[in-house]
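Fold the following and give me the result.
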Amino acid sequence: VWSSPVQLVGVDIEGNERTKGWVIRRAARPVYAARTTGRLLQELETTKQRLQALGIFEGVEIFVDTFDEPSSQQAIDEPERLVLRISVTEKGCITLNTGADVNAENSEGSAHASYGLRNYFGAAERIDLRTSMGTASSNNFTLDCHQPTVFDTDVDLRCSGAEWLPGGTMCPRAATALPK
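Numbers count the residues shown, from 1 in each chain. Modelled structure (predicted):
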């Protein structure tokens, strides 16, 4: 059974109200290369992990179904034609966090807030805006952006804005593009 020949002929997606279909299909690409049942099962698990790692879904379910062609007869040595059915439940796209703390060393209090957009444009991107205001000397502001795929490549783009330090000094942050 593990070595039975298979061929993936399509992907059906449901539950993606915001997420673009190409984001999900891209995660499923390795499944198309599977030529045996055993390899298909391995790639299905990898696909599920890749979708969950995007951080935009509460749930991911993957099912495999046969591809029905009423007029065709399958030969014994011909691969079984399959359709991948992916069902996702998306997380909310807006996050808001607030808080306050006191530094025991210098007795400075600070308040902080963050506002985030997750998958707002449907491409699994994240944008986070954080600010912190201290009572004495520590104030900062940070803008972070993350795009898990850039131009349909396996490049993960992360960039951060500037951070304002005490006295109005601006400290630029970094941008990185990492191959996966």
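
In contact with the residue nearest in space to the middle of the chain, which residues?
Residue closest to the mean C-alpha point of the chain, counted by CA atoms, centre = their mean, is Leu54 at 1.6 Å. By CB atoms under 8 Å, 6 or more residues apart in numbering, the contact list for Leu54 reads Val23, Ala27, Asn119, Ala124, Pro148. All C-beta atoms are positioned from the backbone trio N, CA, C, and that covers glycine.

And the contacts of stretch 6-13?
21, 24-25, 28, 31-32, 34-37, 40, 67, 79-88.

One more: stretch 81-91?
With CB under 8 Å, 6+ apart as the criterion, stretch 81-91 contacts 6-19, 24, 28, 31, 40, 44, 47, 51, 55-67, 69, 74, 118-119.

For PyMOL, what selects the buried ones among these?
Buried residues within the contacts of stretch 81-91, by 16 or more other CB atoms under 10 Å, are selected in PyMOL with:
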select buried, resi 6+8+11+13+15+16+18+19+24+28+31+40+44+47+51+56+57+60+62+64+118+119
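
returning to that earlier point: in strands, which of the contacts of stretch 6-13 fall?
Among these, the members falling in strands (DSSP state E) are Glu80, Arg81, Leu82, Val83, Leu84, Arg85, Ile86, Ser87, Val88.

what helices or strands is the longest helix seen in the chain leaning on?
Assignment by DSSP state H gives helix 37-53 as the longest helix of the chain. Taking 3 or more CB pairs under 8 Å, 6 or more residues apart in numbering; DSSP states H and E as contact, the helices and strands that helix 37-53 lies on are strand 6-14, helix 21-27, helix 29-33, strand 57-66, strand 80-90.

export those to TSV and tack on distance to Phe141 and mean pLDDT?
Formatted as TSV, the helices and strands packed on helix 37-53 follow (distance: least, CB to CB, whole Å; pLDDT from 0 to 100):
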stretch	distance to Phe141	mean pLDDT
strand 6-14	38	93
helix 21-27	30	92
helix 29-33	38	91
strand 57-66	30	94
strand 80-90	29	94
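
between the ones you listed, which gets nearest to Glu105?
strand 57-66 (39.7 Å; CB to CB).

Restricting to C-alpha, output that closest one in PDB.
Extracted C-alpha coordinates of strand 57-66, given in PDB (Å, rounded to 0.1, in the frame of the first residue of the first chain):
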ATOM      1  CA  PHE A  57      -4.700  29.800  11.100                       C
ATOM      2  CA  GLU A  58      -6.400  28.500  14.200                       C
ATOM      3  CA  GLY A  59      -7.000  25.100  12.500                       C
ATOM      4  CA  VAL A  60      -5.800  23.300   9.400                       C
ATOM      5  CA  GLU A  61      -7.400  20.000   8.200                       C
ATOM      6  CA  ILE A  62      -6.100  18.200   5.100                       C
ATOM      7  CA  PHE A  63      -8.100  15.400   3.400                       C
ATOM      8  CA  VAL A  64      -7.400  13.300   0.300                       C
ATOM      9  CA  ASP A  65     -10.100  12.300  -2.100                       C
ATOM     10  CA  THR A  66     -10.200  10.400  -5.300                       C
END
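
Fine by me, we can end here.
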